[in-house]
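1. take a look and give me a structure for this.
(chains A and B)
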Amino acid sequence: GNSVTQMEGPVTLSEEAFLTINCTYTATGYPSLFWYVQYPGEGLQLLLKATKADDKGSNKGFEATYRKETTSFHLEKGSVQVSDSAVYFCALSEISGGSNYKLTFGKGTLLTVNP
Amino acid sequence: GAGVSQSPSNKVTEKGKDVELRCDPISGHTALYWYRQSLGQGLEFLIYFQGNSAPDKSGLPSDRFSAERTGGSVSTLTIQRTQQEDSAVYLCASSLEGGGTEAFFGQGTRLTVV
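-> Predicted coordinates for the structure are as follows:
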């Protein structure tokens, strides 16, 4: 079945540091890929997405590129801020039986950014 | 409504009791998902609905767990004879039709079994 493996946390960085959170996936076809973020005390929300190979999703200074050859969708940000402290989830969506889709998540990576 | 609504937001129940958790998805969203989030465990998939049917129930942990969706809208997750290991935050999400569309999450129901 489909699966998502993302970098184990927690990750602790200083403000303005470069961030990479690795994500790789296993899927039988051509999934759509997502990064969701959960800020402290809030619900999950979509950060960015890419629906086909070589697409780059971007939002709030974060970027991730859909790499089919390496089955990866690594999240990057050039200069993190304290307000980026959150749990980040990589996810994929692929057909699971007929025309139905299933959203599969990684385990999440806790990011803490210190001033 | 404007977003995915879950109720109750918090539920404390005694071991062995049954509980019902409710999810009101965004109007018009045909896909609905239930997940469980335990401390340090990430997001555990429970069940997925497309309309009123559940093509994927593979994540339900045991036969004590069941879910239904009526009218292509509201969904109820029922846990019978609750156990302490059922304590978690239960999250519901909906999306227009799955695939590359965004899933919108509710705030969750925090279930504590004492």
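2. chain B against chain A: which residues are in contact?
-> For chain B, the residues in contact with chain A (C-beta under 8 Å from any C-beta of the partner chain) are B:31, B:33, B:35, B:41-43, B:45, B:48, B:50, B:55-56, B:91, B:93, B:95, B:97-100, B:102-103, B:105-108. C-beta coordinates here come from the backbone N, C-alpha and C atoms, glycine included.
3. for PyMOL, what selects the buried ones among those?
-> Buried residues among those (16 or more other C-beta atoms under 10 Å in any protein chain shown), as a PyMOL selection:
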select buried, chain B and resi 31+33+35+42+43+45+48+50+55+56+91+93+95+98+99+100+103+105+106+107+108
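4. in strands only, show me the residues of chain B next to chain A.
-> B:31, B:33, B:35, B:42-43, B:45, B:48, B:50, B:55-56, B:91, B:93, B:95, B:105 (DSSP state E).
5. pull the most distant pair out of the residues you listed.
-> B:Gly42 and B:Gln50 (23.9 Å; C-beta to C-beta).
6. so stretch A:48-68, near chain B or not?
-> Yes. With C-beta under 8 Å from any C-beta as the criterion, chain B is reached by stretch A:48-68 at A:49, A:51.
7. ends of that stretch, how far apart?
-> 17 Å (C-alpha to C-alpha, to the nearest Å).
8. backbone dihedrals for residue 74, please?
-> If you meant another chain, say so; for now it's chain A. Dihedral pair for A:His74: phi -70, psi 140, per degrees, to the nearest 10.
9. ah, no, chain B please
-> The phi/psi pair for B:Val74 (degrees, to the nearest 10) is phi -60, psi 140.
10. find me the pLDDT at the residue nearest to it when sequence neighbours are not counted, would you?
-> Excluding the flanking residues, the one nearest B:Val74 by C-beta to C-beta, 6 or more residues apart in numbering or on different chains is B:Asp24, at 5.6 Å. As predicted, B:Asp24 sits at a pLDDT of 96.
11. likewise for B:Ser66?
-> For B:Ser66, pLDDT reads 96.
12. now name the helix or strand holding it.
-> Here B:Ser66 sits within strand B:65-69, counting by DSSP states H and E.
13. returning to that earlier point: make CSV from the ones in strands among the residues of chain B next to chain A and add pLDDT and distance to B:Glu85 to it.
-> What follows is those, written out as CSV (pLDDT from 0 to 100; distance: C-beta to C-beta, whole Å):
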residue, pLDDT, distance to B:Glu85
B:Ala31, 88, 28
B:Tyr33, 92, 21
B:Tyr35, 94, 16
B:Gly42, 78, 16
B:Leu43, 87, 17
B:Phe45, 88, 17
B:Tyr48, 88, 22
B:Gln50, 85, 29
B:Pro55, 74, 27
B:Asp56, 77, 22
B:Leu91, 96, 17
B:Ala93, 94, 23
B:Ser95, 88, 29
B:Phe105, 94, 23
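14. tabulate the residues you listed (TSV), appending distance to A:Gly29.
-> Listed next are those as TSV, based on distance: C-beta to C-beta, whole Å:
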residue	distance to A:Gly29
B:Ala31	18
B:Tyr33	19
B:Tyr35	22
B:Gly42	24
B:Leu43	22
B:Phe45	18
B:Tyr48	17
B:Gln50	17
B:Pro55	16
B:Asp56	16
B:Leu91	26
B:Ala93	22
B:Ser95	18
B:Phe105	25
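15. looking at these, which one is closest to chain A?
-> B:Gly42 (3.3 Å; C-beta to the nearest C-beta).
16. need the contact list for the closest one.
-> A:89, A:105-108 (C-beta atoms under 8 Å, 6 or more residues apart in numbering or on different chains).
17. no further questions, thank you.
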